[in-house]
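>>> Just need the structure, nothing else, for what follows:
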Amino acid sequence: MADGRATRPVTIVTGFLGSGKTTLLGRVLSEPSMRNTAVLVNEFGEVGLDHHLLRRVDERAVLLGNGCVCCTTREDLVEALLELLDLDQRGEIPRLDRVVVETTGLADPAPILHTIFVDPVLQHHFSVDLVLTTVDAVNGDLHLNRNPESVKQIAAADKIVVTKTDAADPGSAKNLRSRLGAINPSARVIEASFGETDVDELFRPNGAGSHAVPEVPAGEAHDVGETHSVSLTFDGSVDWTAFGIWLSMLLHARGEDVLRVKGLLDVGEAGPVVVNGVQHTIHPPEHLDRWPDEDHGSRIVFITKGIGPEELVGSLDAFRGLLGARPLPLGAGQAVPSS
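Numbers count the residues shown, from 1 in each chain. The predicted model follows:
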C-alpha cells in the first residue's frame, strides 16, 4: 500500500567506466537542494561522496528462468530501497525527496527499471523519473566503438551529460555530440566540465508525471553499426489498445533488441499517451490532459539493434487495420558513420 504521498522519484545515473559519474554526483550532492536525496552506489569510487544518505549496493543479480538479461531482478536494489522506505516512513531519516542510483560502468540500466516496475512493494512507493547517462568527451567514441554496453546506456538516456569537455578537442567533441544524437535523437545533451552543471536543470523532468515527457524530434532515421533509430508519426489517431498489443508482441519476440522506445501518441483524446520503455521494461503509460506543445501529432522514436527501420514500419503497417492509422517515417533513412 502507498503511504498517501506521491511516489519518490528515482534517478538512474549510468555511463561507461571513467565517464565521470561519481565526479558529477559529488558536485550535485553538494547543493543544499539535494540534501534529502538518498544515493545508492555500486562503488564508492576515487572521488569521496560525503553524504548522509549514502548506501552501497552490490550487484547480486538473480537471473530469471528464461535467461533474459533484461529481466534480471536486482535483489540488492530491492533490499536497499525497502530499507530506505522503512526509515523514511518511520521518520528516522529526513523525508526522501529523491533516490539516485549510480550503476557500475558496465551496467545495463534495464534491470534497474525492471526491478522497480515489477516489485509489488516498490512500484507503489518509487517511480523512475530520469535516466542520466554520462559520456566522456575524450574517450566516448572509443567506448562506443568497442563496448555495446555504452550504446545501451546512451539509448536508455533521457538526458546525456557530456563530461571532460575542457580536455577534449572541440572538433572531436562536436562530432561526438552528433553521434550521440544519431543514436538517441530524443535525449537532451548537456555539457559538464569538472562536473559543473545546473543541478536544477539536470534533475528537472521535461513534463509532469512520473517520468520525463519525451522531446521527440521530427528527425531522420539513422544507422550506427547494428544500432538503428527511427522517428515515426501516424496519419491519424491510433487505437491505444491495438498499439499496446503490437508493442507487447514486439517486446515478447525481440525485447532485448528494442533498446528504447519513447514518444507521444495521439489516441483521439484531449492529450497524448506517453510511451517510454527500455528493452522489455515499459513505464506505466501516462495519459496527459493536454499536449506539451502546438504539435498534436504522434511522434515516437525507436532505437533498435538488428531491427531495421523498414522491418519496424512494415510490422506496424501490417497492424494498420487495428491501429486505425498508417505509420509514417519522419524522414528518409541516412547512414551515420560509426566513428
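>>> Okay, buried residues for stretch 274-292 please.
274-283, 285-286, 288, 292 (16 or more other C-beta atoms under 10 Å). Using the backbone N, CA and C atoms, a C-beta is placed for each residue, glycine as well.
>>> would you turn the residues you listed into a markdown table with pLDDT?
Output for these, formatted as a markdown table (pLDDT from 0 to 100):
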| residue | pLDDT |
| --- | --- |
| Val274 | 91 |
| Val275 | 91 |
| Asn276 | 88 |
| Gly277 | 87 |
| Val278 | 86 |
| Gln279 | 84 |
| His280 | 81 |
| Thr281 | 82 |
| Ile282 | 84 |
| His283 | 81 |
| Pro285 | 86 |
| Glu286 | 87 |
| Leu288 | 91 |
| Pro292 | 85 |
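>>> What is the nearest of these to His124?
For the buried residues of stretch 274-292, the residue nearest His124 by C-beta to C-beta is His283; the value is 14.9 Å.
>>> Skipping adjacent residues, who's closest to the closest one in space?
Nearest non-adjacent residue to His283, counting by C-beta to C-beta, 6 or more residues apart in numbering: Asn276, 4.2 Å away.
>>> And the helix or strand hosting the one you found, how far out from the chain middle?
Using DSSP states H and E, Asn276 sits within strand 273-278. Offset of strand 273-278 from its chain centre (C-alpha atoms, centre = their mean, to the nearest Å): 10 Å.
>>> all helices of the chain, in order?
21-28, 75-89, 110-118, 122-125, 140-146, 148-155, 170-183, 199-202, 240-254, 309-318, 320-323 (DSSP state H).
>>> So which of these is the most surrounded?
helix 148-155 (a mean of 24; mean count of other C-beta atoms under 10 Å).
>>> right, and Asp239 touches Gly321 too?
No - between Asp239 and Gly321 there is no contact under C-beta atoms under 8 Å: 9.9 Å.
>>> Where is the longest strand in the chain?
Secondary structure of the chain read by DSSP state E shows that its longest strand is strand 126-136.
>>> Pull up the pairing partners for that strand, direction included.
Using DSSP bridges, the strands paired with strand 126-136 in its sheet are strand 8-15 (parallel), strand 159-163 (parallel).
>>> With just CA atoms, put it into PDB.
Output of strand 126-136 as PDB, limited to C-alpha atoms (Å, rounded to 0.1, in the frame of the first residue of the first chain):
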ATOM      1  CA  PHE A 126       9.000   4.700  -6.100                       C
ATOM      2  CA  SER A 127       9.000   5.700  -9.800                       C
ATOM      3  CA  VAL A 128      11.800   6.300 -12.200                       C
ATOM      4  CA  ASP A 129      11.700   9.900 -13.400                       C
ATOM      5  CA  LEU A 130      15.000  10.100 -15.300                       C
ATOM      6  CA  VAL A 131      17.900   8.100 -16.700                       C
ATOM      7  CA  LEU A 132      21.000  10.300 -16.900                       C
ATOM      8  CA  THR A 133      24.000   8.900 -18.900                       C
ATOM      9  CA  THR A 134      27.500  10.400 -18.700                       C
ATOM     10  CA  VAL A 135      29.700  10.200 -21.700                       C
ATOM     11  CA  ASP A 136      33.400  11.100 -21.700                       C
END
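>>> quick revisit: between the buried residues of stretch 274-292, which sits nearest Leu180?
Nearest to Leu180 out of the buried residues of stretch 274-292 is Val278 (C-beta to C-beta; 16.7 Å).
>>> In contact with the closest one: list those residues for me.
Residues in contact with Val278 (C-beta atoms under 8 Å, 6 or more residues apart in numbering) are 109-110, 113, 131, 155-156, 259-260.
>>> make it 6 Å
110, 113, 156, 260 (C-beta atoms under 6 Å, 6 or more residues apart in numbering).
>>> returning to what we had before: tell me the one among the buried residues of stretch 274-292 nearest to Phe243.
Using C-beta to C-beta, those come closest to Phe243 at Val275, 8.1 Å.
>>> Please report how far the nearest residue to Phe243 once chain neighbours are set aside lies from Leu265.
Of all residues not flanking Phe243 in the chain, Leu323 sits nearest, at 6.1 Å (C-beta to C-beta, 6+ apart). Distance, Leu323 to Leu265, by C-beta to C-beta, to the nearest Å: 10 Å.
>>> Next, show the common contact partners of these two.
Taking C-beta under 6 Å, 6+ apart as the criterion, Leu323 and Leu265 both touch Val238.
>>> what two of the buried residues of stretch 274-292 have the greatest distance between them?
Maximum pairwise distance in the buried residues of stretch 274-292, criterion C-beta to C-beta, is 27.0 Å, between His280 and Pro292.
>>> just to revisit the earlier point, okay, now the sheet partners of the strand holding Asn276, with direction.
Within its sheet, strand 273-278 is paired with strand 258-265 (antiparallel), strand 281-282 (antiparallel), strand 286-287 (antiparallel), according to DSSP bridges.
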